[in-house]
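> Please work out how this folds:
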Amino acid sequence: MIKTSITNREIWRIATPIMLGNLAQTIITFTDTAFLGHLGTIELSASMMAGLFYYVFTTLAMGFAVGIQIFIARRFGEGNLKQIGVIFQHGALFVLLLGILLFSILFFFSDRLMQVIIDSPNIYTASMDYLKYRQFGIVFVVFNFLFRSFYVGLSNTKVITYSTILMAVVNIFLDWCLIFGHCGLPEMGIGGAALASLMAEISAFCFFWIYTFVTIPHKEYGMFRWHKWQSKLMGDIMKVAFPCMIQRLFSFGTWFAFFILIERMGETAIGISSVVRSTYMILIIPGFAFAATANTLTSRIIGEGKSDEVMAMLWKVVKNAVLCSLVLVIVTSIIPELILQIYTDDLNLAAAAIPSVYVISLATVLGAVGMVFFEAVSGTGNTSAAMALEFGVCIAYLFYAFIMTKTSSIAGVWTVECFYNITMGFIAFFYIWKADWRKKVI
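Residues are numbered from 1 along each chain as shown. Below you'll find the predicted structure:
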């Protein structure tokens, strides 16, 4: 096999801050779940359903940001730094319009959509209390995705660590104050969790703008100056980004549909899945981080004219992803009771969730392989292939999940994550191995 010039040290240099950056949204989920789980199963379930509903909308911005990341990484690899500022400006204008559109949909239609989606009246009412505040954050979140992709594309990811620490501090402190009414603030319950999350997102938004203005060389990168609108450039960006947007929307939309199926199994089933999901989101942080690393390194290596090194680089990333994931999985598998009790005072609920935790532990290791190869498909610039791959696998995922919710226990239902990661990883690996992606120009 051809060797790669990419070292383990460089992989970790890129992946570690991304891991911490991925904690940004995960910390919000973790904190909300940990605090609300001590209020009751209804609040716990509602925050998960409303949070997932909100994240489905943000996936369009997430997908667009992946497209921007691919372009920035490619120009960075080519040494064409001034074009990076032009790309960022076009991206900023797009996400501004997208953020306004998404907020409008959330503001005017959330109540009717959630009424159709959620079966339990109690969970519906609590979910709307959560969305009442959280919906305002989407305009800030779309820019946060853009900035993260900007820095990942430059392989300069330490700033993501700083933004994550800031978000975590703001969210944890305000959760404690606003959910329970400490420090002279009102006791708002689930609404307080949503307001705390909103303030955390705003703090990250402000930090990214200030940090970028102060640290990025404006002239060298063409930043913070008005560039003439280039329709051809925007068209080229959308050719790469639009399939990413649809792919992310379909992927997270499928996951949301998975939890809708579980919610129809009853309040206990969705309560168990709330704590399992929060645990899973922590476990897969390394997988997501190394997958993002594989994406940007794939694009950069191609930009440097070293396409033949891609497969060797990916195996090196996979090895690191699996080893890192195994550490979390082993710890979780040894002390699942202690971990689950972070989220809930209900010992019966925690005990019922343990078999599902073992299932997601296996899914985590499988995902560490599958996600790396899948993100590499997007990194080649052929995002249409990634979209088609995601679409096919998600259809099979939903069919599998539907059958399991009718015939199995909640732990059996969660095996769908193992099915997804195995299928996705195998097809993506075959694409990188056999498909003719080296001639793709972006």
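
> Which of the helices or strands spans Ala269?
helix 267-283 (DSSP states H and E).

> That helix - contacts with which helices or strands?
Counting contacts by 3 or more C-beta pairs under 8 Å, 6 or more residues apart in numbering; DSSP states H and E, helix 267-283 is packed against helix 8-36, helix 41-78, helix 121-134, helix 231-263, helix 310-334, helix 336-340, helix 347-379, helix 410-414. Where C-beta positions appear, they are placed from N, C-alpha and C, glycine not excepted.

> Out of these, which gets nearest to Gln89?
Nearest to Gln89, of all the helices and strands packed on helix 267-283, is helix 231-263, at 9.9 Å by C-beta to C-beta.

> So which bits of the closest one are buried?
Residues 233-234, 236-237, 240-263 are the ones in helix 231-263 that count as buried (16 or more other C-beta atoms under 10 Å).

> Other residues contacting stretch 224-237?
With C-beta atoms under 8 Å, 6 or more residues apart in numbering as the test, stretch 224-237 has contacts from 67-68, 71, 85-87, 89-91, 94, 213, 218, 442.

> Start and end of it, how far apart?
By C-alpha to C-alpha, to the nearest Å, the extent of stretch 224-237 from end to end equals 20 Å.

> one step back: looking at the helices and strands packed on helix 267-283, spot the one closest to Ala388.
Closest among these, using C-beta to C-beta: helix 231-263, at 8.3 Å.

> Residue ranges in this protein under the pLDDT threshold?
For the chain, the stretches flagged by pLDDT under 70 are 1-2, 17, 20-25, 27-28, 37-38, 437-442.

> ok, 50 please
By pLDDT under 50, the chain has no low-scoring segment.

> Tell me the secondary structure at the residue with the largest distance to the centre of it.
Most distant from the centre of the chain: Gly184, at 34.2 Å, with distances by C-alpha atoms, centre = their mean. What DSSP: H, G, I helix; E, B strand; the rest coil gives for Gly184 is coil.

> Who are the contact partners of it?
Residues in contact with Gly184 (C-beta under 8 Å, 6+ apart): none are found.

> What separation do you get for it and Cys177?
Using C-beta to C-beta, to the nearest Å, Gly184 is found at 8 Å from Cys177.

> helix or strand for Ile202, which one?
Element membership for Ile202, per DSSP H and E: helix 190-215.

> Quick check: next helix or strand after that helix?
Criterion used, DSSP H and E; the element after helix 190-215 is helix 218-221.

> In terms of secondary structure, what does that following helix contact?
Against helix 218-221 (3+ C-beta pairs under 8 Å, 6+ apart) you get helix 82-117.

> Run the chain-centre distance for the helix it packs on.
For helix 82-117, the separation from the chain centroid amounts to 16 Å (computed by C-alpha atoms, centre = their mean, to the nearest Å).

> Go through it and flag the buried ones.
Neighbour-count burial for helix 82-117 [16+ other C-beta under 10 Å]: 83-91, 94-95, 98-99, 102-103, 106, 110, 114, 117.

> Ile334: neighbouring residues, count only.
When counting by other C-beta atoms under 10 Å, one arrives at 9 neighbours for Ile334.

> now it: how far from Leu326?
Distance from Ile334 to Leu326, by C-beta to C-beta: 12 Å.

> just Arg134 next, same as before
Arg134 is 34 Å from Leu326, by C-beta to C-beta.

> which of the two has more neighbours?
Arg134 (27 against 15).

> OK, contacts around that one?
Contacts for Arg134 were tallied using C-beta under 8 Å, 6+ apart; they are Ala50, Gly51, Tyr54, Ala194, Ser197, Leu198.

> now those residues in JSON lines, with neighbour count and distance to Ala289?
Output for the contacts of Arg134, formatted as JSON lines (neighbours: other C-beta atoms under 10 Å; distance: C-beta to C-beta, whole Å):
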{"residue": "Ala50", "neighbour count": "28", "distance to Ala289": "26"}
{"residue": "Gly51", "neighbour count": "26", "distance to Ala289": "21"}
{"residue": "Tyr54", "neighbour count": "23", "distance to Ala289": "22"}
{"residue": "Ala194", "neighbour count": "29", "distance to Ala289": "27"}
{"residue": "Ser197", "neighbour count": "29", "distance to Ala289": "22"}
{"residue": "Leu198", "neighbour count": "22", "distance to Ala289": "25"}
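
> Just put those in TSV and tack on distance to Gly392.
Formatted as TSV, the contacts of Arg134 follow (distance: C-beta to C-beta, whole Å):
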residue	distance to Gly392
Ala50	29
Gly51	27
Tyr54	27
Ala194	35
Ser197	34
Leu198	36
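
> Identify, from those residues, the entry nearest to Phe145.
For the contacts of Arg134, the closest approach to Phe145 (C-beta to C-beta) belongs to Tyr54, at 13.6 Å.

> Confirm for me that that closest one is in contact with Ser127.
No - if you go by C-beta atoms under 8 Å, Tyr54 and Ser127 don't touch, sitting 10.0 Å apart.

> what's the distance between the residue nearest to His218 when sequence neighbours are not counted and Thr16?
Computed as C-beta to C-beta, 6 or more residues apart in numbering, the closest residue to His218 that is not its neighbour in sequence is Phe224, at 5.1 Å. As for Phe224, its distance to Thr16 is 28 Å (criterion: C-beta to C-beta).

> In terms of neighbours, single out the busier of the two.
Using other C-beta under 10 Å as the criterion, Phe224 and Thr16 rank with Thr16 on top: 18 against 14.

> backbone phi and psi for the residue farthest from the centre of the chain, please?
phi 80, psi 0 (degrees, to the nearest 10).

> one step back: quick one: secondary structure of the residue nearest to His218?
Quick answer, by three-state DSSP: Phe224 is coil.

> And the one 4 residues further on, by the same measure?
When the structure is reduced to helix, strand and coil (three-state DSSP), Lys228 reads as coil.
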